[in-house]
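Asks: pasting the sequence and the predicted coordinates here, then a few questions.
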Amino acid sequence: MKLLVDMSLSPTWCDVLKSEGWNSLHWIDVGSSSAPDREIMEFPRIEGYVVFTHDLDFGSMLAATQAKGPSVVQVRTQDVRPASTAPILMPVLRQHEAELERGALLIIDPGRCRLRLLPLTGS
């Protein structure tokens with residue numbers, strides 16, 4: 001699985017994800033820090049990346065467009081530093097890797113996670 005770390009998260013996430021065996025890259029390495037969300041979503045859709053973000057807009061975009069991709073992993077914790085969040089994130093990513101490869105929105109809150117397959121519909 002390839003993960004694109006969004007601007008809302010530190011580039012240090014790339015090293016953490018790579019150490020766990022995933023290909024990762026930070027948006028700043030491929031695009032402008034002021035790029036609109038739709039541009040950020042286009043790159044992973046074309047290149048086969050899963051967006052890893054703290055930004056709630058990506059899930060809203062998937063719902064509004066009923067897109068089939070890219071997959072989005074949305075972490076909803078106050079402390080998004082790898083040292084605090086990685087122990088929660090890594091097992092959840094492994095558990096849902098197949099769904100993320102096919103197209104999904106994975107929302108990780110403290111104490112729980114929710115997975116919705118794409119495209120998102122009213123149900």
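Replies: Yep, that arrived.

Asks: for the rest of this, base every contact and every neighbour count on C-alpha atoms.
Replies: Fine.

Asks: so which residue is dead centre in this structure?
Replies: Nearest to the geometric centre of the chain sits Phe52, at 2.2 Å (C-alpha atoms, centre = their mean).

Asks: parallel or antiparallel, which strands does the helix or strand harbouring it pair with?
Replies: Assigned by DSSP states H and E, Phe52 belongs to strand 50-53. Strand 50-53 sits in its sheet next to strand 2-5 (parallel), strand 72-75 (parallel), going by DSSP bridges.

Asks: could you dump the ones you listed to CSV with distance to Val16 and mean neighbour count?
Replies: Converted to CSV, the strands paired with strand 50-53 look like this (distance: least, C-alpha to C-alpha, whole Å; neighbours: other C-alpha atoms under 10 Å):
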stretch, distance to Val16, mean neighbour count
strand 2-5, 11, 24
strand 72-75, 15, 24
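
Asks: quick one on the thing from earlier: helices and strands around the following helix or strand past the strand holding Phe52, which ones?
Replies: Note on strand 50-53: by DSSP H and E, the next helix or strand toward the C-terminus is helix 57-65. Under the contact criterion of 3 or more C-alpha pairs under 8 Å, 6 or more residues apart in numbering; DSSP states H and E, helix 57-65 touches helix 37-47, strand 72-75.

Asks: shaky segments in the chain?
Replies: Residue ranges of the chain with pLDDT under 70: 122-123.
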